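Engineer: pasting the structure only:
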Ligand SMILES: NC(=O)C1=CN([C@@H]2O[C@H](COP(=O)(O)OP(=O)(O)OC[C@H]3O[C@@H](n4cnc5c(N)ncnc54)[C@H](OP(=O)(O)O)[C@@H]3O)[C@@H](O)[C@H]2O)C=CC1
Ligand SMILES: C[C@H]1O[C@H](OP(=O)(O)OP(=O)(O)OC[C@H]2O[C@@H](n3cnc4c(=O)[nH]c(N)nc43)[C@H](O)[C@@H]2O)[C@@H](O)[C@@H](O)C1=O
């Protein structure tokens, strides 16, 4: 098959390309500079010209809690436009197979834990990333709606996976705009190098998070994309149309910080800054549907953090 990977240079997109390179599929890519996915006319022209057999939508405006809180307009606008353009123009170009990547932040702030797929739209969202979450919910509903209207007449089979917090090589290590795991790898690394007496983490350190390695996410994405249609439909009833992807285990941010400190060799004090937002208190995914279909996460958190730290240091040396 000819598969277009949107966002192929991102952390998830590049992991998906690494896995696709082991198959005989032909991979189609465009960089952000070559094709701005918020530009409807450009996406239309690209899809009409390329007409891929399948699309994996791993392109998005992505960031951690502070980035979401600082740039809400960009997070909702860019992601709505990317999703609407890629999903509709794929349909217009006759693409029958598409996989959309959402996020675990689509679920209500106080959803029962672990959060199952049917918790969607049952309560209010976490304010720090509500704009992004609304855009992601719209992506799920775009796929679900094109399936409902065009599955029988056009063979449309657009699927959605909901990743938990992801990490790994190719992550964004920006000190302010990144997610917690890469942010703390950078901060603890710099503190160890400077022999600093302490490191301060944002918030109380009490929120709990689940972390899935990006290579596991890439494997899960291709697993779901390749599921026989009847198996996918049977496991996303009634009209849930999305499948959670995670490890099924979580830990507190402070426990994460302690693992990262140990990994980078920092032995100073870990302080908290309650003036910074904690965000959702907990967002552990119920991954029983995916597990029941035969997929399980394989990369442990400590090993994954060690590998990510190596990748961070290699990237720093490469400049
Ligand atoms: N990282 C995480 O913890 C989680 C991620 N996800 C989802 O997984 C997917 C991938 O995330 P991740 O790999 O971490 O993100 P990255 O930021 O690493 O990658 C996103 C990619 O999308 C590209 N992109 C962004 N905007 C545009 C645009 N307007 N036109 C073309 N390309 C664009 C970026 O290119 P460039 O950098 O050149 O702008 C980049 O290559 C996203 O859908 C995200 O929402 C879900 C849950 C957790
Ligand atoms: C994947 C998911 O990611 C985002 O949700 P989030 O999980 O809340 O994001 P986060 O990883 O940035 O924070 C997790 C926790 O960690 C604490 N924390 C401590 N110290 C740092 C720190 O230095 N940086 C960051 N970013 N967080 C820190 C922080 O206070 C919070 O309690 C959504 O934007 C949304 O995009 C989404 O889908």
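Structural biologist: Cool, the structure landed. Here the structure is a predicted model, which means the values were calculated and not measured. Ligands and ions are numbered 1, 2, ... in the order given.
Engineer: could you list the buried residues of stretch 114-126?
Structural biologist: For stretch 114-126, burial by neighbour count (16 or more other CB atoms under 10 Å) applies to 114, 115, 116, 117, 119, 120, 125, 126. Every C-beta, even on glycine, is put in place using the N, C-alpha and C of the backbone.
Engineer: with secondary structure, pLDDT and distance to ligand 1 added, can I get those in a markdown table?
Structural biologist: Formatted as a markdown table, the buried residues of stretch 114-126 follow (DSSP: H, G, I helix; E, B strand; the rest coil; pLDDT from 0 to 100; distance: CB to the nearest ligand atom, whole Å):
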| residue | secondary structure | pLDDT | distance to ligand 1 |
| --- | --- | --- | --- |
| 114 | coil | 98 | 16 |
| 115 | strand | 98 | 13 |
| 116 | coil | 96 | 17 |
| 117 | helix | 95 | 15 |
| 119 | helix | 96 | 16 |
| 120 | coil | 96 | 15 |
| 125 | coil | 98 | 15 |
| 126 | coil | 97 | 13 |
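Engineer: what are the boundaries of the helices in the stretch 151-300 of the chain?
Structural biologist: With DSSP state H, counting those that start in this stretch as the criterion, the stretch 151-300 of the chain has helices at 180-193, 214-225, 229-234, 253-264, 288-292.
Engineer: meant to ask about the stretch 1-150 of the chain, not that
Structural biologist: For the stretch 1-150 of the chain, applying DSSP H, counting those that start in this stretch gives helices covering 11-20, 40-50, 65-70, 72-92, 130-154.
Engineer: residue 37: neighbour count?
Structural biologist: Using other CB atoms under 10 Å, residue 37 is surrounded by 24 other residues.
Engineer: residues touching it, list them.
Structural biologist: Residue 37 makes contact with 6, 43, 59, 81, 82, 85, 86, according to CB atoms under 8 Å, 6 or more residues apart in numbering.
Engineer: neighbours around the closest residue to the first one other than its chain neighbours, how many?
Structural biologist: By that I understand residue 6. Excluding its sequence neighbours, the residue lying closest to residue 6 (CB to CB, 6 or more residues apart in numbering) is residue 59, at 4.0 Å. Residue 59: 25 surrounding residues under other CB under 10 Å.
Engineer: show me the contacts for residue 59.
Structural biologist: So residue 59 contacts 6, 7, 10, 13, 32, 37, 82, 86 (CB under 8 Å, 6+ apart).
Engineer: that one and ligand 2: what is the separation?
Structural biologist: 14 Å (CB to the nearest ligand atom, to the nearest Å).
Engineer: count of neighbours near the residue nearest to residue 207 when sequence neighbours are not counted?
Structural biologist: With sequence-adjacent residues excluded and distances taken as CB to CB, 6+ apart, residue 207 is closest to residue 278, at 4.8 Å. Other residues near residue 278 come to 17 when the count uses other CB under 10 Å.
Engineer: which residues of this structure lie near ligand 1?
Structural biologist: Within the chain, the positions near ligand 1 by CB under 6 Å from any ligand atom are 7, 9-13, 32, 36-38, 58-62, 78, 82, 101, 103, 163, 165-166, 172, 179.
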